[in-house]
Every structure is written in structure tokens, then in C-alpha cells.
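K.L.:
Just a sequence and a predicted model for now, questions to come.
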Amino acid sequence: MLLRFGFVAMSVLLENCSPSRAVTFKAYSSLRERDPGAALDKVRQTARENLLNTLRLIRHSAANNVRVYRFSSKIIPLATHPELSGWDYIGELKETLGEIGQFVRDRGMRVSFHPDHYTLINTPREEVLEASIRDFAHHCRLLEAMGLDARAKLVTHVGGGYGDREKSLQQFLQNWERLPRLITDRITLENDDRTFTARDVLYLAEKLGLPVVLDLHHHLCHRDGGSSLEEITPRFLNTWRDTELSPKIHTSSPRGEKDRRSHHDYVDPDHLYPFLKLAREYGQDLDVMVEAKKKDQAMFRLVKDLCGFPGIKKIDEANLEFS
DNA sequence: ACCTGTCAAGTCTGG
DNA sequence: CCAGACTTGACAGGT
């Protein structure tokens, strides 16, 4: 089986290449008072730089055989802020967006977004749901402007527990009906590290026909009594059956004994290998997203470290064969 | 050049 | 019921 490795948003190997430079609303507002024309220009300029850096990042990826990449969700500053609702960033940036998409298609890369934790499907608050729909739609429009079909996914969590997990799972199903096709076609669900376990996520995903991204570190931090990787793995793999995509996992290692939930600089291959052995029984190719502080450097190191393990054969610096 | 407090957004905890 | 923590990269304002 083929194992393809990828990384999240930024590189520690490329200098001055952030795809996430921000303009805070505070900075935008104070600049607008002093010089009304300059404020939006600053946001525009930052968005353009973030896209150009994204282009550098995917070129760097491709040059090093990396085929799995997650875009930064902060790529367009203040994109969905109500006070900038008239700003047509897609229209302004469509050329660069198109260039990114074309590169991704030409190189057969798999890309995704992970909208951040303010964006919640299962919220009981109407205004939060509306803001979340706007945010998901924003990410979908970017992918569309890149010319990428529904294989380019949005990864998200179930949401909050709101004091009653069972009720909150049902709220997810209820709110799901409110999401447009544009969004639901791209959603994949990930287990989190404090509220909804892999088993919870599989319950929703199997009901709604969604693919599941299995986060091994979250599973270690938070799993229900009886749920083992042996139980979860075949169900997880199955959720990808009709998607033309390989099942995807997230991998990371705990920062320390005290803060087990935070990410370490690097990934310990011993934290990943047992799962790979388990998944090998099913003969499925896998995409592995490395979530570590040292980003692409951590990913390259993990691939190198795994080369010493039984059954693993190196294809190149970002891809392995496991038999 | 480096350090510290702050930042759009939501939820949870604990006082 | 409200303030602060949570998490993260990066800004802004200080030295």
C-alpha cells in the first residue's frame, strides 16, 4: 500500500513564506480612520501576498514530491467579516487562485482546508450557525475559484458539547439540513480531543455518507471506553469507499507528559507505525497529514524515520510503500 | 533585534 | 452571570 505524507499550511524550510499574514480588524479600523483608502488596500495586499506564498508552498511541495497539503484558513484576512462584506476578493484574485488550482491539478496534489474552531455545524445558536455557513461557503468559493472539484475537502469537527453530547449530536443532524450542497459535498468529519470521539464521528458520518478523517493523536487523548483502533479502522476506511480519494489520517505526538494534547515539534514514528500495521490488513493506500510544530521538516523526518521499520520501503522523501 | 500583550470569530470552566 | 482559559501565528508597540 502507498503512503503519501503531507503537511499543514506553512513551511519552516522556506523563509518569509507565511500564507497566513493577518490584518486584525483593529488595525484595519484604525487605519481606516486615518486614511480610508489605505485600509482596504492593506487587506488586499496581504491577501495577495498570502496567495503568492501559497503558490511558493505548493511549488516547494511538488519539488520535494509532497502531494498532500492543507491550505491556511487565514489566507484571506477578514474575508467573512461583516464590515468587509462588499469586498469581492474572489473576483480580484481569481487569476492567482486559478494558477494555484492549475498547479494542484497538474501535479495531482490533494489539498484541503480546515476552517478554525469558531466555525461550528452543531451550534444551537442561530447567529453562530449563520456565521459558520458563511465561513464554510467562503472556503468552498475559494476552492471553486481554483477550479478544484469536491475532492478538495473541508475538514471540520462536530462542534461543541453544550453540556449534553447526545443532544449535540442530534443538533448536528438537524443543522446539517440547513447546509447547501455546495458545502455538504466537501465536508469531512474529524474526531476531536475532548468532546466527540472517533466512534461519535463515525455514527454521524455513516448516517450522512460523509468521509472521516481519523486523528490518531486525538483518539489517544479522547476515546470512549470500548472503542479500539481495531473496531474503528475498518469503519473509518469504509467512509472513503465512494470518494475517489484515499482515506486520510492526521498524525502528531504529544508535546509533553503534562500537556499531552498539544503538538510536539516532531512525530515519533512509534506513534504511527502500529496503526499503519493495522491498516495494512485492509490493503488501502493512505494519505497521512503530519501535524507538528516543525511542519514540513517534521514530515520529512517522519518519513525518513519510518524507513527503518519492517515492511516499509522508501519511494522518495515524502512517500512510502508498505507491504 | 527582541520581548510582551493583543487579536473577529466560540465554548467551557470556575468563581 | 461574567471573566479568563483555551490555541495559534502573527501584529503592534514597547525596549
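P.N.:
Okay, I see it. No experiment lies behind these values; they were computed from the predicted model shown.
K.L.:
The stretch 201-323 of chain A: strands as residue ranges?
P.N.:
Listed in chain order, the strands of the stretch 201-323 of chain A (DSSP state E, counting those that start in this stretch) span A:212-215, A:248-251, A:286-290, A:312-316, A:319-322.
K.L.:
looking at those strands, which is buried most?
P.N.:
Across these, the average number of neighbours (mean count of other Cβ atoms under 10 Å) peaks for strand A:212-215, which reaches a mean of 26. Yep, even glycine has a C-beta here, placed from its N, CA and C like the rest.
K.L.:
In chain A, where is pLDDT below threshold?
P.N.:
Scanning chain A for pLDDT under 70 picks out the ranges A:226.
K.L.:
how about the residues of it that lie near DNA strand B?
P.N.:
A:22, A:24-28, A:74, A:77-81, A:116-118, A:120, A:123-125, A:127-128, A:131, A:135, A:159-163, A:195 (Cβ under 7 Å from any atom of the strand).
K.L.:
Counting neighbours, what do you get for the nearest residue to A:A198 once chain neighbours are set aside?
P.N.:
With sequence-adjacent residues excluded and distances taken as Cβ to Cβ, 6 or more residues apart in numbering, A:A198 is closest to A:N191, at 4.2 Å. A:N191 is flanked by 28 other residues according to other Cβ atoms under 10 Å.
K.L.:
re earlier: now distance to A:P274 too, for the strands of the stretch 201-323 of chain A, in TSV please.
P.N.:
TSV is the format used below for these (distance: least, Cβ to Cβ, whole Å):
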stretch	distance to A:P274
strand A:212-215	14
strand A:248-251	11
strand A:286-290	14
strand A:312-316	13
strand A:319-322	13
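K.L.:
so which of these gets nearest A:Q45?
P.N.:
Of all the strands of the stretch 201-323 of chain A, strand A:286-290 sits nearest to A:Q45, with 30.2 Å by Cβ to Cβ.
K.L.:
That closest one packs against which elements?
P.N.:
Identification of packing neighbours for strand A:286-290 by 3 or more Cβ pairs under 8 Å, 6 or more residues apart in numbering; DSSP states H and E yields strand A:2-8, strand A:68-70, strand A:248-251, helix A:269-280, helix A:295-306.
K.L.:
So is that strand next to DNA strand C?
P.N.:
No: using Cβ under 7 Å from any atom of the strand, strand A:286-290 never reaches DNA strand C; the gap is at least 12.5 Å.
K.L.:
I'd assumed A:L169 was in a helix, is it?
P.N.:
Yes: for A:L169, which was evaluated using DSSP: H, G, I helix; E, B strand; the rest coil, the result is membership in a helix.
K.L.:
That one: neighbour count?
P.N.:
A:L169, neighbours per other Cβ under 10 Å, totals 20.
K.L.:
can you pull the contacts of the residue positioned nearest the centre of chain A?
P.N.:
Nearest to the mean C-alpha position of chain A, by Cα atoms, centre = their mean, lies A:H114 at 3.6 Å. By Cβ atoms under 8 Å, 6 or more residues apart in numbering, the contact list for A:H114 reads A:V8, A:R70, A:S73, A:L154, A:V155, A:T156.
K.L.:
Quick check: which element contains the third one?
P.N.:
With elements delineated by DSSP states H and E, A:S73 resides in a region that no helix or strand encompasses.
K.L.:
Tell me the residues of the stretch 201-323 of chain A that contact DNA strand C?
P.N.:
Within the stretch 201-323 of chain A, the positions near DNA strand C by Cβ under 7 Å from any atom of the strand are A:D259, A:R261, A:S262, A:H263, A:K293.
K.L.:
Only the buried members of those residues: can you turn that into a ChimeraX selection?
P.N.:
Per 16 or more other Cβ atoms under 10 Å, the buried members of those correspond to this ChimeraX selection:
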select /A:263
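K.L.:
Export the contacts of A:H114 as JSON lines, with columns for neighbour count.
P.N.:
Compiled in JSON lines, the contacts of A:H114 are given as follows (neighbours: other Cβ atoms under 10 Å):
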{"residue": "A:V8", "neighbour count": "22"}
{"residue": "A:R70", "neighbour count": "20"}
{"residue": "A:S73", "neighbour count": "20"}
{"residue": "A:L154", "neighbour count": "21"}
{"residue": "A:V155", "neighbour count": "21"}
{"residue": "A:T156", "neighbour count": "25"}
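K.L.:
Just send those back as TSV, with distance to A:K94 too.
P.N.:
Putting these into TSV (distance: Cβ to Cβ, whole Å) gives the following:
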residue	distance to A:K94
A:V8	25
A:R70	22
A:S73	19
A:L154	20
A:V155	24
A:T156	25
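K.L.:
from these, which is closest to DNA strand B?
P.N.:
Of all the contacts of A:H114, the one sitting nearest DNA strand B is A:S73; the distance, using Cβ to the nearest atom of the strand, is 7.4 Å.
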